[in-house]
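Novice: Using only what follows, build the 3D model:
(chains A, B and C)
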Amino acid sequence: MTWSAIRSHGISYLIVGPFAIVLAFPFYWMLTTALKTNGDLYNLANVPFKFTTTRGDPEGQSPTLRHVTFIFHHTQYVRWLENTAFVGAMVVVITLVVAVPAGYALARLSGQLGQSVGVGIFLTYLVPPTLLFLPLSRVISKLGLEDRLWSLVLVYPSFTIPFSGWLLMGFFRTIPVELEDAARIDGCSRLKALWRVIFPISLPGILTVVIFTFSLCVNDFVYAISFISNSTNRTLSVGVPTDLIRGDVFFWQSLMAATLIPSILLALLYNSFLNRFIEGLTGGAFR
Amino acid sequence: MEAAAPSRSRRRWGDLFEERRFLAPALIGPAVLFVGLLVAVPLGLAVYLSFTNATSGSLSGTWVGLDNYIHAWDSSNFRTALENTIIFTLASQALVVVGAAILAHALLRPFRGRWLLRFLIVLPWAAPVALSTIGFLWIFDSQFSVANWTLVHDVMPGGGHLYLYKPANWVLGVIDDLPWVHTGKIDPFNPPQWLGQATLAKLSIIAVQAWRILPFATVIFLAGLASIPPEVEDAARMDGATGLRKFWHVTLPLQLPIAIVALLFGIVFTATDMTVVYILTNGGPFNSTQVLTTWAYQTGIVSSSLGQGAAVSLYLLPALVVVTVLMLRFARKVEIG
Amino acid sequence: MARNDNELERLGLTGGLTRREVVRRGLGGFVILYSGALAKTAAAGVPKFRNKELKNTLKIIQWSHFVPAYDTWFDNVYTKKWGAKNDTDVSVDHIALALLPARAKAEVAARSGHDIFGHLSPQAGLEDNVINHKEIIQEVQRHLGPVGKVGNKSCYNPKTKKWHGFPENFVPDPVHYRRDLFHQVGVKSPNTWHDVLNAAPKLKAIGHPVGIGMSNELDSNMALIALMQCYGGFIQDAHAHVTINSKGTREALAFMRSLFKKGMTSEVFAWTAASNNQGYLTGRLSLALNAISIVRSAELQDPTLAKNTALLPIPKGPNRRLGLEHVMGVYTIWNFTSKPQQKLAKKFIADLEINYAAAFHHSEFYNFPAFPKAVYGYQKQLGEDHHPPKGKYRILDTIARKYTANIGFPGYSNAAIDEIFNTFLIPQMFAQVAQDKMTPAEAAKSAEHDMKAIFAKWRKLGKI
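Specialist: Here you go, the predicted model:
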């Protein structure tokens, strides 16, 4: 390695390192907290960065896994993870089915009007869900979807489609029309050209939409508490605070563990696809 | 091609789809229908409710005109909430845009360990926001705050007598001498209450909002940087543009649209978010950190004044719409123009 | 998307083959696991009809009780037994207490939901959406005699002559204090607010401040309104006129300011509902106002601390000694629920109240019945609790009978009171004074302005 390479790498570490520490610190702290006994956690004399076992602690040694295993044995945590994954996956499918054709049409077929409709759809994103959940719960009950995961599957696309349509619109614009024309000269219909030629090129954009949609679904809180009340059908964001905060007692260690597990799983997933995600955004938002 | 001999009726349908004026609506239709039914109709209803005296969850009431909007304005807590919404959004997004710009440039080139560092940076984006905010509630806890522990305890192992609050107080002392700020100093026996003092609580909320949005903004920046053709940089170098001149005439104009897109998402995510404030402070202390969404929730949902709550939550919508349209136009100006 | 590899390389968008391989394998495993989970969830999403042999169903929603054993008993024992007797499949959903209002409003908007909704505060704001619960009250009164005054004032609207909820239980709100620490500083007990103020500086000096919250949360709201009452400050009078801007309120504000400065730390502004529990349980706080959840947790975690903890009624003020219910368990039945379901729900509620002894026992004396005669000989039960110091729970009886008022006392818990409570105007007023942002007179005046607007709004709606 040359001196300049070392220097430029060093600068990268110097810049990225502190950011990474600040951004990841809460997760390090969650991990530390999750493994402590009550006696260790609630003792102001202890150094919080270390594990200290007090003699006669009814929970024994610190660190301990008892508060982590608690969420698996005494709550339906695994079920909530599955539910979140299920809703996320279904919403991704619906979003793609609706947003890909719409994005394509907005990009190719409707000119200036398309631009306006695109912006209009994007704007619906600005409406705060604080109150929208009231009218929507009427819709859900009319459809008989109360307390079913399908209610969330139906409602979430209302905020995933706007972004996805807008992004895909930008993305499809970057694809030269000539490619399509060539396919159509070969005898493909427009739909078939879309499926055979455009779709494969657009995979990065689609992947971006998939990840973005999924992350929005995981984050929702308001709709999930309004539409689902039984414990088996809860999603993570609602199940965890409901069962791990009892009245005025917080089960801190279990709360931290319950947050850490999905965060790490999802971060691994997002990070693995991050290059494709960026590629998709590049096409969609900036071209 | 095998599709060359379809049945007569199929061909007719096929032809229909070849027609632009049928194909376009057919493709856009589902999206418009979905968004229209699940957002526009409820939104219309919310607007209607804000002009009525509807209570609790009933979706109708007597028409009262602008009463709710006037009453809302009359409450000093509402004005605080409006102000906070704007301050929190702008301040956190300023942090985010600057941070993301720096971080994205540093992450652009490959280096050893980048994957791991990127994983750590992506974490806040991956965590469900309701849960990660509970994590911050613990970090800022009134008694067990790790931040406070670190400030007031000897952080050097083996009694090196390094107390972080001492240098912090020195800095605060310097700041305190400025004419328009009064910070006070850290008292090790009564450490700062991150969620209990109005100014600190506001700063904490801004920090958490910035923390959770920074990763996504960084990703947007990375994408934006990828979209800048390398020729532009090369051309600038050929022209001999260096230093400040290059920054002003080449780098900045190229980064601006990226910053706008990042800012757009940041604003939308922060201004319409309720979770962070609701979990961290629930609007306290003395309702000094309420934002429009939490104030609307407290009045409209928890206290049953639905009409008033609707008015509160809709106050900022027109401004947001204008900002968004302008930014969207600007972000894609190159292409539209 | 024609982008050459060089460009990708420049952006770092391509990685080494080995790493990619690793990632791909990892992801493969992830995808397999994930699709397995999906299939299972999808299959489970199909509604199952359990207990088909039972004729009726009854759906209840209520909070996750502070005492987990109460939920276990209620969900798995009591409701099952009642269900068998009444040919009904009873299902109970639980929800965090802070989320109850949103859920209730969503059910009203949907015009469908649970047959019985258990709230934790009086729900005057829901009056138009619930049945008149008078019938259940009368039925229970036939067995148990008159409803207690707290329940009456919380759930009845004298203006519309409607019972907008059924008062199931209330939770007394005692003072928890450390006997050892008070002894150490030479104050016998926090019998009056004057005693508290007296002891506070000494307690703080030995590292054990007093803990009364001034934050946007339930415990602060309760403690501060109770303190106001002791000083003769009331939000409204018996006829629902705003009386907040009174000498009593100003005195209470001034008292709290000096108590804060002498005997507390600024942590009280940052508290959540859990903080006073935590603070007391770590041994830091010398005094806290809360339901018995604090001492119950201490008995589990730290028996020595529990032994040193005593309970008392709220300290006496210059005006009187009068606390508040800590939470008020109110059951409501929606008016859009079908008539047969309403009938079943009414029966369930009445049966539960008439046979409240078991509920009282399983809540570990947390829930007190809203009908004073519902639990025969409960004083004896309180006295027999085996946790040392023995007999400490006996005082709860006195507190419940003599020193517990409804929110909005001396008036009824109406919709305006509800809104004032939920927008935290009282803690706001106290915190502003304690932090020297306002004088007591200014804070009381500003609160009066906001409260009058809220009362005017609900009066216009014909609810007050």
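
Novice: alpha carbons only for contacts and neighbour counts from here, please
Specialist: Noted.

Novice: can you list the weak-confidence ranges in chain C?
Specialist: Applying pLDDT under 70 to chain C picks out residues C:1-53.

Novice: And whichever residue of it sits closest to chain A, how far from B:Q308?
Specialist: Using C-alpha to the nearest C-alpha, the closest approach of chain C to chain A is made by C:A110 at 3.6 Å. Distance, C:A110 to B:Q308, by C-alpha to C-alpha, to the nearest Å: 20 Å.

Novice: Same check on A:V100?
Specialist: Counting by C-alpha to C-alpha, the gap from A:V100 to B:Q308 is 39 Å.

Novice: any chance you could map the helices in the stretch 151-300 of chain C?
Specialist: For the stretch 151-300 of chain C, helices defined by DSSP state H, counting those that start in this stretch occupy the ranges C:179-184, C:193-205, C:218-230, C:247-263, C:275-281, C:293-301.

Novice: from those helices, which stretch is densest packed?
Specialist: Across these, averaging neighbours per residue (mean count of other C-alpha atoms under 10 Å in any protein chain shown) puts helix C:218-230 on top, at a mean of 26.

Novice: Helix, strand, or coil at B:G36?
Specialist: Secondary structure, DSSP: H, G, I helix; E, B strand; the rest coil: B:G36 is helix.

Novice: count of residues packed around it?
Specialist: Neighbourhood size, B:G36 [other C-alpha atoms under 10 Å in any protein chain shown]: 16.

Novice: cool, B:H161 as well?
Specialist: Using other C-alpha under 10 Å, B:H161 has 11 other residues around it.

Novice: Verify the contact between it and B:V152 for me.
Specialist: No - at 10.8 Å, B:H161 does not count as touching B:V152 under the criterion of C-alpha atoms under 8 Å.

Novice: Tell me how far C:D219 lies from C:W73.
Specialist: 26 Å.

Novice: Next: B:V174.
Specialist: Counting by C-alpha to C-alpha, the gap from B:V174 to C:W73 is 61 Å.

Novice: Compare those two (neighbour count), which wins?
Specialist: Neighbours were counted for B:V174 and for C:W73 using other C-alpha under 10 Å; C:W73 has more, 16 against 11.

Novice: C:N355 and A:I245: what is the separation?
Specialist: 29 Å.

Novice: If you count surrounding residues, which of those two has more?
Specialist: The residue with more neighbours, out of C:N355 and A:I245, is A:I245; 21 against 14, by other C-alpha under 10 Å.

Novice: pLDDT below threshold where in the stretch 1-150 of chain B?
Specialist: In the stretch 1-150 of chain B, residues with pLDDT under 70: B:1-21.

Novice: Which parts of it are helices?
Specialist: B:8-18, B:20-35, B:41-50, B:67-74, B:76-108, B:114-126, B:129-139, B:146-152.

Novice: between those helices, which one is nearest to chain A?
Specialist: helix B:20-35 (4.2 Å).

Novice: is the closest one anywhere near chain A?
Specialist: Yes - residues of helix B:20-35 are located near chain A by C-alpha under 8 Å from any C-alpha of the partner chain, namely B:20, B:23-24, B:27-32, B:34-35.

Novice: List only buried entries from those.
Specialist: B:23-24, B:27-32, B:34-35 (16 or more other C-alpha atoms under 10 Å in any protein chain shown).

Novice: residue closest to the middle of chain A?
Specialist: The centre of chain A sits closest to A:S215, judged by C-alpha atoms, centre = their mean, with a distance of 1.2 Å.

Novice: my read: that one touches B:L123, true?
Specialist: No - in this structure, A:S215 is not within contact of B:L123 by C-alpha under 8 Å, at 11.8 Å.
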